[in-house]
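In: I would like the atomic coordinates for the input below:
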Amino acid sequence: MHHIFKVLTLNHKYAPLAIREHIALNDQEAIDLIRKITDFSAATDLLVLSTCNRTEIYYASEKDLSEDILNLLGIVKGIAAIDQLGEYFVSITDNKTTINHLFHVSIGLESQVVGDMQISNQVKRAYQLSANENVAGPFLHRIMHTIFFASKRVAQETGFRDGAASVSYAAVELALDLASEIADPKILVIGLGEIGADVCRNLRDTNTKIINPAHIKITNRTREKATAMAATCGFKALPFEEVVQAIQEADVVITSLSPQTPLITKQLIEQTDLLRYKYLIDLSVPRSVEKEVEDIPGVLLYNIDDIKNKISEALDKRLAAIPQVKQIVEEALADIQTWVQETEVSPTIKKLKNALEQIRQEEIARHLKTLNAEESQRIEMITKGMMQKIIKLPVLQLKAACKRGEAETLIDLLNDLFDLERTPEKH
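Out: This next block holds a predicted model:
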């Protein structure tokens, strides 16, 4: 069986954030799309991966289903003229290139922030949806488990995943570190632009017991945006009019606004009863936290430069690790390629075994009338042993030919010699 693996992808390389947000799928929408593709096509091994940076639909099919999948995506998202967004999508129809792309995406080599640690969990979640919907066949299962094994090697053998290499992730990493020193910490996120939204998603995806999601509050000048993000992440949305009180109550404040004048001033913080440390993380340019707040005992301020210093160190380590990561990926890809090739020759091996077994049984049947039970049993054992020895060399030769990329010639030869096209595959 030939596995023709393809992908329709929209990602940060080809599409701006406004388009990516418009197309992004939540879990239920991904399930709806999987079901529609299954209903309207013969595609197998479906995987729908959707993050803030990409929406990709992987599938196995002899035909290029890009146009059909794009239309079905439009139905799921309620976009009537989705064909007008077609220029932002790229279709990869070569089997090897598609597998290579999925590996690079899953490991983090294609991420906007190289080595992104979130992508691994996002790929696992997409794979779980496929498994739940029974659209992950042996082919996709093998690919995904090989990817997970390669990802584990990358984490254990290289520095590719060390440190936080994005502003939002580094800010969350710092916030959690600071919050770990506080009992029942309260966190406030102000501003839901690209960075602020990423901060919320990173907080949501963090597997930690340090903070209670119910104690994370978010606010934005546009209330609808805060309400939608709160619903997605399981946090509490606050009207922006209540931001002053929220700042005074929070233990950790992460702000990514860009106001004309600082939102958080020394005077504001001085009006707060500081019963324990207050940590302010300012990701805004221009700043939204007045520098003078640092003069207040018990208040610690971290600005965008502090965050970027952490990012630069982590990014240098990750970039240095890329050659080693690519070597691990190449080894995993070679393993997959060998397996794919062997699955392509397995029907021929089965037919050859069945053809020889049919000859063996026909010959034994000719002599059964003249043999007693003991003789029949001995002949059965001898001929089966001969069969195993005869079949061993062609099987080894076929597998070796797979690795050389020459299996097709040997398959044709065996088909002609034993007339295998007339031989059924099943035993």
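
In: Can you pull out the low-pLDDT segments for the chain?
Out: Regions of the chain meeting the criterion pLDDT under 70 cover residues 1-3, 164, 207, 344-346, 402-407, 409, 413, 417-427.

In: Now do the strands for it: every range, in order, please.
Out: Under the criterion DSSP state E, the chain contains strands at 5-11, 44-50, 54-60, 90-92, 187-190, 216-219, 236-238, 252-255, 278-282, 299-302.

In: Skipping adjacent residues, who's closest to residue 90 in space?
Out: Leaving aside its chain neighbours, residue 90 sits nearest to residue 9 (5.2 Å; criterion: C-beta to C-beta, 6 or more residues apart in numbering). Placement of C-beta: from N, CA and C, glycine included.

In: Return the residues in contact with the one you found.
Out: Shown in contact with residue 9 (C-beta atoms under 8 Å, 6 or more residues apart in numbering): 54-57, 89-92, 101.

In: That one bridge partners, please.
Out: Judged by DSSP bridges, the bridge partners of residue 9 are residue 56, residue 90.

In: which residue sits closest to residue 371 in space, ignoring its chain neighbours?
Out: Nearest one to residue 371, counting by C-beta to C-beta, 6+ apart, is residue 379 at 6.6 Å.

In: That neighbour against residue 367, yeah?
Out: Yes - here residue 379 reaches residue 367: they are 7.4 Å apart, a contact under C-beta atoms under 8 Å.

In: between those two, who's got more neighbours?
Out: When residue 379 and residue 367 are compared for neighbours, residue 379 comes out ahead with 16 against 11, by other C-beta atoms under 10 Å.

In: is it possible to export the strands of the chain to CSV including distance to residue 24?
Out: Formatted as CSV, the strands of the chain follow (distance: least, C-beta to C-beta, whole Å):
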stretch, distance to residue 24
strand 5-11, 9
strand 44-50, 5
strand 54-60, 6
strand 90-92, 17
strand 187-190, 20
strand 216-219, 19
strand 236-238, 20
strand 252-255, 23
strand 278-282, 26
strand 299-302, 30
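
In: for those strands, which one sits closest to residue 28?
Out: Smallest distance to residue 28 across the strands of the chain (C-beta to C-beta): 11.4 Å, for strand 44-50.

In: Adjacent strands (with direction) for the closest one?
Out: Using DSSP bridges, the strands paired with strand 44-50 are strand 54-60 (antiparallel).

In: Need the contact partners of the strand it pairs with.
Out: 3-12, 20, 23-25, 33, 37, 43-50, 65, 69, 73, 98, 102, 105, 137, 139-140.

In: between the contacts of residue 9, which is nearest residue 175?
Out: residue 54 (25.9 Å).

In: neighbours of that closest one, just the number please.
Out: 23.

In: From residue 76, how far out is it?
Out: Residue 54 sits 16 Å away from residue 76, going by C-beta to C-beta, to the nearest Å.

In: ditto for residue 131
Out: Distance from residue 131 to residue 76, by C-beta to C-beta: 20 Å.

In: Thought residue 352 was touching residue 411, still the case?
Out: No - using C-beta under 8 Å as the test, residue 411 is too far from residue 352 to be in contact (9.8 Å).

In: Of the two, give the one with the bigger neighbour count.
Out: Ranked by neighbour count (other C-beta under 10 Å), residue 411 and residue 352 place residue 352 first, with 23 against 20.

In: Spatially central residue for the protein, please.
Out: residue 123 (2.1 Å; C-alpha atoms, centre = their mean).

In: dump the residue contacts of it.
Out: 49, 105-106, 144, 147.

In: Tell me which of those residues fall in helices.
Out: 105-106, 144, 147 (DSSP state H).

In: Take the residues you listed and write them to CSV, including neighbour count and distance to residue 280.
Out: Listed next are the ones in helices among the contacts of residue 123 as CSV, based on neighbours: other C-beta atoms under 10 Å; distance: C-beta to C-beta, whole Å:
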residue, neighbour count, distance to residue 280
105, 25, 36
106, 25, 36
144, 22, 42
147, 24, 40
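
In: ok, so of those, who is nearest residue 196?
Out: residue 105 (25.1 Å).

In: That closest one contacts residue 119, correct?
Out: Yes - Residue 105 lies in contact with residue 119 (C-beta under 8 Å); the separation is 6.8 Å.

In: shared neighbours of the two, anything?
Out: Common neighbours of residue 105 and residue 119 (C-beta under 8 Å, 6+ apart) are residue 111.

In: Output the contacts of residue 123 as a markdown table; include the columns distance to residue 356.
Out: Shown next, in a markdown table, are the contacts of residue 123 (distance: C-beta to C-beta, whole Å):
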| residue | distance to residue 356 |
| --- | --- |
| 49 | 45 |
| 105 | 44 |
| 106 | 42 |
| 144 | 36 |
| 147 | 38 |
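
In: and the nearest residue to residue 182 once chain neighbours are set aside, how far is that from residue 141?
Out: Distances taken as C-beta to C-beta, 6+ apart place residue 251 nearest to residue 182, at 5.2 Å, with adjacent residues excluded. In this view, residue 251 and residue 141 are 45 Å apart by C-beta to C-beta.

In: Which one's more surrounded, the two?
Out: residue 251 (22 against 14).

In: now for the longest helix anywhere in the chain, which elements pack on it?
Out: Identified as the longest helix of the chain according to DSSP H is helix 304-367. With contacts taken as 3 or more C-beta pairs under 8 Å, 6 or more residues apart in numbering; DSSP states H and E, helix 304-367 sits against helix 95-107, helix 138-157, helix 167-179, helix 373-404, helix 407-418.

In: so how far is it off the chain centroid?
Out: 18 Å (C-alpha atoms, centre = their mean, to the nearest Å).

In: Tell me the spatial nearest neighbour of residue 162, not counting adjacent residues.
Out: Counting by C-beta to C-beta, 6+ apart, the residue nearest residue 162 is residue 317, at 5.1 Å.

In: In this structure that neighbour contacts residue 158, no?
Out: No - using C-beta under 8 Å, residue 317 is not in contact with residue 158, being 9.0 Å away.

In: Of those two, which one has the most company?
Out: Between residue 317 and residue 158, counted using other C-beta under 10 Å, the more crowded position is residue 158 (20 against 17).

In: distance of the more buried one from residue 320?
Out: 9 Å.

In: Please apply the same query to residue 200.
Out: Residue 200 is 31 Å from residue 320, where distance means C-beta to C-beta.

In: Look at these two and report which has more neighbours.
Out: Ranked by neighbour count (other C-beta under 10 Å), residue 200 and residue 320 place residue 200 first, with 22 against 12.

In: Tell me how far the more buried one lies from residue 378.
Out: In terms of C-beta to C-beta, residue 200 sits 75 Å off from residue 378.

In: Much appreciated, bye for now.
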